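[1] The amino acid sequence is not available; the structure is as follows:
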């Protein structure tokens, strides 16, 4: 779910950079306030790779296919570190694979960064009392939020010449095609956190 | 005699007039050869961008679309550009996804100017491995520094 280069107006792309920059600044300032900010760097580095490589995994959903996002997983596992991790991952995806684009890096950072923070918030608020439910909601909710932000940006940047109603229908089909991904990412986060709670609960301390 | 002439005139007009009316519905076909640009839009998975919208901008007007259309079920679309040399901007988009590329039209054959992503699995695997190696190195470096600072404390 990446906005590519050349399809969004310049003003929207610049606004995306401004929003993403503000989000990154806020995340870095919160990271600095942590008791040991460097403690999560190894985990952030590894999960950045997982996020980067996950875009290559296409799940066939006839008639199209969808890519794994893992924004919820990063949010739960990394907390505020998820924002710089996602930005680095998106940059590498754009440069090396042509997924997304450099001009739309800011917008794509918001599309995935905000849902990651939403997942982090869900996990922090409800993770102790209802861990399974919180994990499921964090994973699935992040995909739903990413879809909503993506669709919002697409509709905001529609050129006048384009048939808006046809694009809206295509967007609805696109969202429907992602329903299996909503469930799959919820289950991925649920299973992973169950395993970590049993085997390495200290990994979840930060989140 | 005058009556016969009038009758003959009416007869001739009555025969010829319907023929002329019929000729006004005739069709004329001219044919000449023209160079068409044939587009084929696909997702990076190889799936065609079926029924995607196509927007074309001529080199002399980047604001007003020169042409609009819809690709077929295989993601194919053809258009014949006006005789304007330069870079024609072509956008194919569907649900926020798509591609934007230039078609250079000049004296030579049209050239598609775009930045294709690497599409072989070997290249992709190599890139993932390099990034994984970089992340692993970062993780180990951060861990070793942390271990050293813990030991010194």
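    Perfect, thanks for sending it. All of these numbers come straight from a predicted model, not from anything done at the bench.
[2] Going by C-alpha atoms from here, please, whenever you check contacts or count neighbours.
    OK.
[3] Around chain B, which positions in chain A sit nearby?
    A:2-7, A:38-39, A:41-43, A:45-46, A:48-49, A:52-53, A:58, A:64-65, A:96-98, A:151, A:154, A:161-163, A:167-168, A:170-171, A:174 (C-alpha under 8 Å from any C-alpha of the partner chain).
[4] Go again with 6 Å.
    A:6, A:42, A:45-46, A:49, A:97-98, A:154, A:167, A:170-171 (C-alpha under 6 Å from any C-alpha of the partner chain).
[5] Quick one: end-to-end distance for stretch A:54-72.
    Distance across stretch A:54-72, first residue to last, is 13 Å (C-alpha to C-alpha, to the nearest Å).
[6] cool, and stretch B:92-101?
    The first and last residues of stretch B:92-101 sit 9 Å apart, counting by C-alpha to C-alpha.
[7] Could you identify the most distant pair in the residues of chain A next to chain B?
    The span of the residues of chain A next to chain B, defined through C-alpha to C-alpha, is set by A:42 and A:167 at 41.9 Å.
[8] rewinding a little: nearest to residue A:84, of the residues of chain A next to chain B?
    residue A:45 (10.1 Å).
[9] for that closest one, what are its contacts?
    B:135, B:139 (C-alpha atoms under 6 Å, 6 or more residues apart in numbering or on different chains).
[10] 10 Å instead?
    Contact analysis of residue A:45 by C-alpha atoms under 10 Å, 6 or more residues apart in numbering or on different chains lists A:81, A:85, A:88-89, B:131-132, B:134-140, B:142.
[11] how about CSV for the residues you listed, with distance to residue A:188 added?
    Below are the contacts of residue A:45 laid out as CSV (distance: C-alpha to C-alpha, whole Å):
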residue, distance to residue A:188
A:81, 20
A:85, 19
A:88, 22
A:89, 19
B:131, 23
B:132, 21
B:134, 25
B:135, 22
B:136, 23
B:137, 26
B:138, 26
B:139, 23
B:140, 26
B:142, 27
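[12] Now, those that are in helices?
    Members of these lying in helices (criterion: DSSP state H): A:85, A:88-89, B:131-132, B:134-140, B:142.
[13] nearest to residue B:53, of those?
    Closest approach between the ones in helices among the contacts of residue A:45 and residue B:53, by C-alpha to C-alpha: residue A:89, at 29.6 Å.
[14] What is the burial count for that closest one?
    Under the neighbour criterion other C-alpha atoms under 10 Å in any protein chain shown, residue A:89 is assigned a count of 23.
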